[in-house]
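Engineer: Generate coordinates for the sequence data below:
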Amino acid sequence: MPFSPTAFAGFLLLLASLVLPAFPAEAAPGTGGGKVVKLSEARRATYMAAFEQHVLQTYVQTGLTATGLPMNVYREALVGFYNLQQRGLVAPAKQVLTIIDFNRSSRLKRLWVVDVKQQRVLFHTLVAHGKNTGAEFASAFSNVNGSEMSSLGFYVTGNTYEGKHGLSLKLNGLEPKYNTNAASRAVVVHGANYVCEEFVQAHGRLGRSQGCPALPLNQSSAIIRAIKNGTVVYAHAPRTVQYESSFQQLDPALVGFAQSKGLSDE
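Structural biologist: Okay, here's the model as predicted:
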């Protein structure tokens, strides 16, 4: 008898309790600013149970189980999303989250655009990394002007404009150690002809940018329109690269989640 989505989510919840890392309960000093949030033990336990159930159920319901996005990466992205929401940095009307998993080969589709409110995947596609970040795999990252490397961490999208690559989208990096020079480096979302299956077949890897998360030409405009003006982008680090973020603090994320679901009386 096949698993129902509910039964499968319950199985994943048990599995997650054994293998997923715990995030710090208290807000620690770090990048990104925001007020310190500390929940009581009882409230944290209540919110956390609801949050973990939400993560696992939506992971199944959106069909992410079959797309190659690891559950822990999805969870990290949601923790950051609700942190940013709690800080008022997410556009209330656009509950959209873009995830880039730089742990995956550039030959594979490693960008997901998820409608958090509607619990569905809007796009799943290829995305380039910077030419000095690596060949097939991304392994080196920078926030330095002229590095021609990709940058990690959380961003909030800005406005669109017409540039040399056509419709393009500005990114506002939120993490001083990792991506706050995105604007001055002109790291933007745009389409490129080297981001396609044909390039992968010819070269054994995807084409590379100057640090921009470049997208397939036939999808870039639709994706840009879906994620512009105040949505969250999370560029996940490979396992071999150290990355720590204040947007992984659990308590403010739980508060943001509880408020979005009407669970909080604060």
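
Engineer: Residue 56: neighbour count?
Structural biologist: 23 (other Cβ atoms under 10 Å). Where C-beta positions appear, they are placed from N, C-alpha and C, glycine not excepted.

Engineer: what about the strands in the stretch 51-200 of the chain?
Structural biologist: 96-101, 111-115, 120-125, 153-163, 166-173, 188-189, 191-192 (DSSP state E, counting those that start in this stretch).

Engineer: Which helix or strand contains the residue most central in space within the chain?
Structural biologist: Geometric centre of the chain, nearest residue: residue 234, 2.6 Å, by Cα atoms, centre = their mean. Assessed by DSSP states H and E, residue 234 sits inside strand 232-236.

Engineer: Just the buried positions in that strand, please.
Structural biologist: Using 16 or more other Cβ atoms under 10 Å as the test for burial, strand 232-236 gives 232, 233, 234, 235, 236.

Engineer: so the last one makes contact with residue 74?
Structural biologist: No: in terms of Cβ atoms under 8 Å, residue 236 does not count as a neighbour of residue 74; the distance is 9.6 Å.

Engineer: Common neighbours of the two, please.
Structural biologist: Counting by Cβ atoms under 8 Å, 6 or more residues apart in numbering, the residues touching both residue 236 and residue 74 are residue 99.

Engineer: burial count for residue 45?
Structural biologist: 12.

Engineer: That one falls within a strand, correct?
Structural biologist: No: looking at residue 45 with DSSP: H, G, I helix; E, B strand; the rest coil, it is helix, so not inside a strand.

Engineer: Show the model's pLDDT score for it.
Structural biologist: Listed pLDDT for residue 45 reads 96.

Engineer: Then residue 70?
Structural biologist: Residue 70 is assigned a predicted lDDT (pLDDT) of 98.

Engineer: Can you tell me how far the nearest residue to it once chain neighbours are set aside is from residue 119?
Structural biologist: Excluding the flanking residues, the one nearest residue 70 by Cβ to Cβ, 6 or more residues apart in numbering is residue 101, at 7.3 Å. Residue 101 sits 19 Å away from residue 119 when distances are taken as Cβ to Cβ, to the nearest Å.

Engineer: Give me the more crowded residue out of these two.
Structural biologist: Taking neighbours as other Cβ under 10 Å, residue 101 and residue 119 compare with residue 101 leading, 23 against 16.

Engineer: wait, that one sits on residue 236?
Structural biologist: Yes: assessed by Cβ under 8 Å, residue 101 is found in contact with residue 236 at 4.9 Å.

Engineer: overlap in contacts of these two?
Structural biologist: Counting by Cβ under 8 Å, 6+ apart, the residues touching both residue 101 and residue 236 are residue 73.

Engineer: What number of residues are in the vicinity of residue 61?
Structural biologist: 15.

Engineer: Residue 127 too?
Structural biologist: Around residue 127 there are 26 other residues, counting by other Cβ under 10 Å.

Engineer: Nearest spatial neighbour of it, chain-adjacent residues omitted?
Structural biologist: Counting by Cβ to Cβ, 6+ apart, residue 127 lies nearest to residue 111, which is 3.9 Å off, once chain neighbours are set aside.

Engineer: Quick check: the one you found vs residue 158, distance?
Structural biologist: 18 Å.

Engineer: what's the most distant pair in the buried residues of strand 232-236?
Structural biologist: Within those, two members stand farthest from each other by Cβ to Cβ: 232 and 236, at 12.6 Å.

Engineer: Run through the helices of the protein in chain order.
Structural biologist: According to DSSP state H, the chain carries its helices in the segments 5-19, 41-61, 71-86, 197-203, 217-227, 250-260.

Engineer: For the spatially closest residue to the residue nearest to the centre of the chain that is not a sequence neighbour, give me its contacts.
Structural biologist: Nearest non-adjacent residue to residue 234, counting by Cβ to Cβ, 6+ apart: residue 77, 4.4 Å away. Residues near residue 77 by Cβ under 8 Å, 6+ apart: 97, 99, 232, 234, 236.

Engineer: got TSV for those residues, with pLDDT and distance to residue 37 too?
Structural biologist: Formatted as TSV, those follow (pLDDT from 0 to 100; distance: Cβ to Cβ, whole Å):
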residue	pLDDT	distance to residue 37
97	98	20
99	98	24
232	98	18
234	98	20
236	98	24
